[in-house]
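Engineer: Structure, please.
(2 chains)
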Amino acid sequence: MAVTDRVRLQGPTGGSTDDGGRSVRRLAFSQRLSRWDVKVSPYLYISPFFLLFSLTGLFPLVYTGWVSLHNWNLIGGQGKFIGFDNFAFVLGQPYFWNAVGNTVSIFLLSSVPQVVLALLIAAVLDANLRARTFWRMGVLVPFVVAPVAVGLIFNNLFADQFGLVNNVLQAVGLDPVRWHSDQLASHLAIATMVNFRWLGYNALIFLAAMQAIPRDVYEAATIDGAGRLRQFLSVTVPMLRPTVIFVAITSTIGGLQIFDEPRVFDQSGLGGADRQWQTLTMYIWELGWGQRNFGRASAVAWLLFLMIVLIALTNFLLTRRIANQGDRS
Amino acid sequence: MSSIPMIRQSAGAGAARNAERRLNRPGGPGRKPGAGRGGAVRRPGVLTYGTLTAVVLASLFPLYWSFLVGSHDSTALSRGIPLLPGGNFLANAAKVFDSIPFWKAMGNSLLVSSVTAASVVVFSTLAGFAFAKLRFRGNKALLVFVIATMAVPTQLGVVPLFIVMAKLGWTGSLWAVIIPGLVTAFGVFWMTQYLRDALPDELIEAVRMDGASMIQAFWYVGFPAARPAAAMLALFTFVATWTNFFWPFIVLDPSNPTLPVALQLLQAAHFVDYSVVLAGAVLATVPLLLLFIAAGRQLVSGIMQGAVKG
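Structural biologist: This next block holds a predicted model:
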């Protein structure tokens, strides 16, 4: 029973009539007030969220669909209804498919190593460390650096001519990599930025989940003769299944929307001379605020949303499957 | 602890020590009472600390690097890579202040982040209190709705949000950045989860018995109980708002930017002069680093708590 019910039944204004009519009448007003208080207050408390969210979250969501079905110009505003023409146009654009490819490529290059590395870092942090808080804070530092700042810093590290990374590569006798013109190389550089910022954060999430694993499971594994590596693969990883799914899905939602880091990877902001690293969000920006075509920008936004839902679902099913296999072995 | 001798016989002393270490480890929720620091606690070896040192150095290196580059002039940089900071940081910083409205951007970021954090905390705590502790029609359905909205990407609504802001005449003003940030579904979810465990029903009953109104119950019992989670939520919201780029970049004027927008302008103005650009990156990061030094411990435990509950 919720608190409010109990208060309603037993409270001072709970409507007991044993002590005579006079007190009932005296209580009547405050009783009605209290009833009203109990009934209305919860809605009052949640209303700021729902009011503001409908204005700035829900309404735009629905409105995007409406805009995507129209000719709609940044300056001129709403034009005539054209049905799915914007979608048809966008789907016929090579730049759109280029952006889809880039987004997925950067996403995979960042999220897969990120989950694996974060798991390993978490396993190391899970040891019986001295100065635990220090190490945990140490890996979290990049989280407070703004993605734009991260982008600028790595833009310099990965500079084609005098960048530190290429200098190191040359020092060990390798060819310098053209980070700003080669497609795969630019994706790697951008994925590195994403990993830099999020590794520690995800490691801490995994660490929390690891510490919630009951210790007797490890005892049992030890009795069965499992070594530390075996325990990590056969006990820790499968037991972390819900957390892995959580991290995979949040990184999907975030990763497919990536904008900040690739945007500042050069100064023009279109993702390189041949759009080698233009992502879908950058494409939305180009359509909407570069070409001033809000209808087409909204169409891409919807397609991006569908993609996110699709990949998040696949992610969910895949992760569950892998983790299940881990359980059985 | 009865399994320990058994392991000694079957799997050798190494495994036993291993198991003992697991049992004796402090901190984990699975720790058994009385198994604290007594006994043979095996400390991790050089390999563990070595790995961690490498990870932490890798986390700090890009920041050190940007300070390094930001403290030299660009001609020195093209000649070779320095190992130690030079003396040019202040000169570069002066160039930063000349080319972008840096202090204005800093003030804007501070204002936007503080207002957003305060508002998210107040509204989320109120809603969380209602969802966690009060019974009303539609409670469950509405909470599910809140959680579902967490999965919707912001990008989807950017175009219409811009149209709305333009209609209201708010483009270019800080209101356009502040208003959409005033509430977050994550905040409501976070406070609901926390208050469910942290605030005993009996406490609310007691103050209600004493004749407190609902809002008094919230103020005297609900809000104090929520304080630790509220502090973390404020911290998270502050960091997230401070580092946010996409929406402010779209809706704000170059003359009235937040820090990330200003940094992007700086790059546009000085795209070959890395030392100025990275000096700017350092200057923009320092406030959050200070916040992190002051409250990093809370940030860490906040992330870990959120992970277990989420």
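Engineer: what's around residue A:146, how many residues?
Structural biologist: 24 (other C-beta atoms under 10 Å in any protein chain shown). Any C-beta I mention is one placed from the backbone N, CA and C, and that applies to glycine too.
Engineer: Which helix or strand contains the residue most central in space within chain B?
Structural biologist: With distances taken as C-alpha atoms, centre = their mean, residue B:236 lies nearest the centre of chain B, 3.2 Å away. Assigned by DSSP states H and E, residue B:236 falls within helix B:223-243.
Engineer: So what's the gap between that helix and the chain middle?
Structural biologist: On the basis of C-alpha atoms, centre = their mean, to the nearest Å, helix B:223-243 sits 8 Å off its chain's mean C-alpha point.
Engineer: packing partners for it?
Structural biologist: Applying 3 or more C-beta pairs under 8 Å, 6 or more residues apart in numbering or on different chains; DSSP states H and E, one finds that helix B:223-243 contacts helix B:102-133, helix B:185-198, helix B:274-309.
Engineer: Now distance to residue B:209, mean neighbour count and mean pLDDT too, for these, in TSV please.
Structural biologist: Formatted as TSV, the helices and strands packed on helix B:223-243 follow (distance: least, C-beta to C-beta, whole Å; neighbours: other C-beta atoms under 10 Å in any protein chain shown; pLDDT from 0 to 100):
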stretch	distance to residue B:209	mean neighbour count	mean pLDDT
helix B:102-133	15	22	95
helix B:185-198	20	21	91
helix B:274-309	30	21	88
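Engineer: JSON lines please, covering the ones you listed and showing distance to residue B:259.
Structural biologist: Output for these, formatted as JSON lines (distance: least, C-beta to C-beta, whole Å):
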{"stretch": "helix B:102-133", "distance to residue B:259": "4"}
{"stretch": "helix B:185-198", "distance to residue B:259": "23"}
{"stretch": "helix B:274-309", "distance to residue B:259": "5"}
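Engineer: Out of those helices, which gets nearest to residue A:226?
Structural biologist: Taking C-beta to C-beta, helix B:274-309 is the member of the helices and strands packed on helix B:223-243 nearest to residue A:226, at 25.0 Å.
Engineer: how far does that closest one sit from the chain's center?
Structural biologist: 8 Å.
Engineer: Was I right to think residue B:129 contacts residue B:196?
Structural biologist: No: using C-beta atoms under 8 Å, residue B:129 makes no contact with residue B:196, being 10.3 Å away.
Engineer: confidence score at the residue nearest to the centre of chain B?
Structural biologist: Predicted confidence (pLDDT) for residue B:236: 91.
Engineer: Check residue A:206 too.
Structural biologist: Looking at residue A:206, the pLDDT reads 93.
Engineer: So for the helix or strand harbouring it, what gets flagged as buried?
Structural biologist: Residue A:206 is part of helix A:183-211, with elements assigned from DSSP H and E. Under the neighbour-count criterion of 16 or more other C-beta atoms under 10 Å in any protein chain shown, helix A:183-211 has A:183, A:185-211 buried.
Engineer: filter those down to the ones near chain B?
Structural biologist: A:196, A:199-201, A:204-209, A:211 (C-beta under 8 Å from any C-beta of the partner chain).
Engineer: quick one: which two of those are the most distant?
Structural biologist: Between all members of these, the farthest pair (by C-beta to C-beta) comes out as A:196 and A:211, at 24.9 Å.
Engineer: Just name the shakiest helix or strand of chain B by mean pLDDT.
Structural biologist: helix B:3-24 (a mean of 38; mean pLDDT, DSSP states H and E).
Engineer: which is the next helix or strand following that helix?
Structural biologist: By DSSP H and E, the next helix or strand past helix B:3-24 is helix B:46-70.
Engineer: got any ranges where chain A has weak pLDDT?
Structural biologist: A:1-27, A:322-329 (pLDDT under 70).
Engineer: Can you show me the strands along it?
Structural biologist: Taking DSSP state E as the test, the strands found in chain A are A:70-73, A:77-81.
Engineer: most tightly surrounded among these?
Structural biologist: Of all the strands of chain A, strand A:70-73 has the most neighbours on average by mean count of other C-beta atoms under 10 Å in any protein chain shown, namely a mean of 19.
Engineer: Report all helices and strands that that strand contacts.
Structural biologist: Using 3+ C-beta pairs under 8 Å, 6+ apart: strand A:70-73 touches strand A:77-81, helix A:294-328.
Engineer: Thought residue B:179 was touching residue B:115, still the case?
Structural biologist: No: Residue B:115 lies out of contact with residue B:179 (C-beta under 8 Å); the separation is 10.0 Å.
Engineer: returning to what we had before: which residues does the following helix or strand past the helix holding residue B:236 contact?
Structural biologist: Remark: after helix B:223-243, the chain's next helix or strand is helix B:246-251, criterion DSSP H and E. Helix B:246-251 has contacts (C-beta atoms under 8 Å, 6 or more residues apart in numbering or on different chains) with A:259-260, A:263, A:281, A:285, A:289, B:112, B:154-155, B:158, B:161-162, B:165, B:170-172, B:176-177, B:180, B:257-258, B:260-261, B:264.
Engineer: Show me what counts as buried in helix B:246-251.
Structural biologist: Within helix B:246-251, the residues that qualify as buried are B:246-251, counting by 16+ other C-beta under 10 Å.
Engineer: Stretch A:104-117 now?
Structural biologist: Those would be A:104-107, A:109-111, A:114-115, for stretch A:104-117 by 16+ other C-beta under 10 Å.
Engineer: Stretch B:201-215 too?
Structural biologist: So, applying 16+ other C-beta under 10 Å, buried residues of stretch B:201-215: B:203-205, B:207-208, B:212-214.
Engineer: Just the buried ones from the contacts of helix B:246-251?
Structural biologist: Using 16+ other C-beta under 10 Å, the buried ones in the contacts of helix B:246-251 are A:259-260, A:263, A:281, A:285, A:289, B:112, B:154-155, B:158, B:161-162, B:165, B:170-171, B:176-177, B:180, B:257-258, B:260-261, B:264.
Engineer: Sitting in helices, which of those residues do you find?
Structural biologist: Of the positions in the buried ones among the contacts of helix B:246-251, A:260, A:263, A:281, A:285, B:112, B:158, B:161-162, B:165, B:176-177, B:260-261, B:264 sit in helices, assigned by DSSP state H.
Engineer: Next up, the contacts around residue A:45.
Structural biologist: So residue A:45 contacts B:126-127, B:129-130, B:134, B:218 (C-beta under 8 Å, 6+ apart).
Engineer: And the residues you listed, which is closest to residue A:220?
Structural biologist: So of these, ranked by how close each gets to residue A:220 (C-beta to C-beta), first place is residue B:129, at 42.0 Å.
Engineer: quick check: angle from the helix holding residue A:206 to helix B:274-309?
Structural biologist: Here the directions of helix A:183-211 and helix B:274-309 differ by 40 degrees (axes from the mean of the first three to the mean of the last three C-alpha atoms, to 10 degrees).
Engineer: Kindly spell out which helices and strands sit in contact with helix A:183-211.
Structural biologist: Using 3+ C-beta pairs under 8 Å, 6+ apart, helix A:183-211 sits against helix A:94-125, helix A:132-140, helix A:147-157, helix A:241-255, helix A:260-263, helix B:46-70, helix B:274-309.
Engineer: could you give the angle of the longest one to helix B:223-243?
Structural biologist: So that's helix B:274-309. Per the same axes, to 10 degrees, the angle that helix B:274-309 makes with helix B:223-243 is 150 degrees.
Engineer: wait, does helix B:274-309 contact chain A?
Structural biologist: Yes: Helix B:274-309 reaches chain A (C-beta under 8 Å from any C-beta) through B:274, B:277-278, B:280-281, B:284-285, B:288-289, B:291-292, B:296-297, B:299-300, B:303-308.
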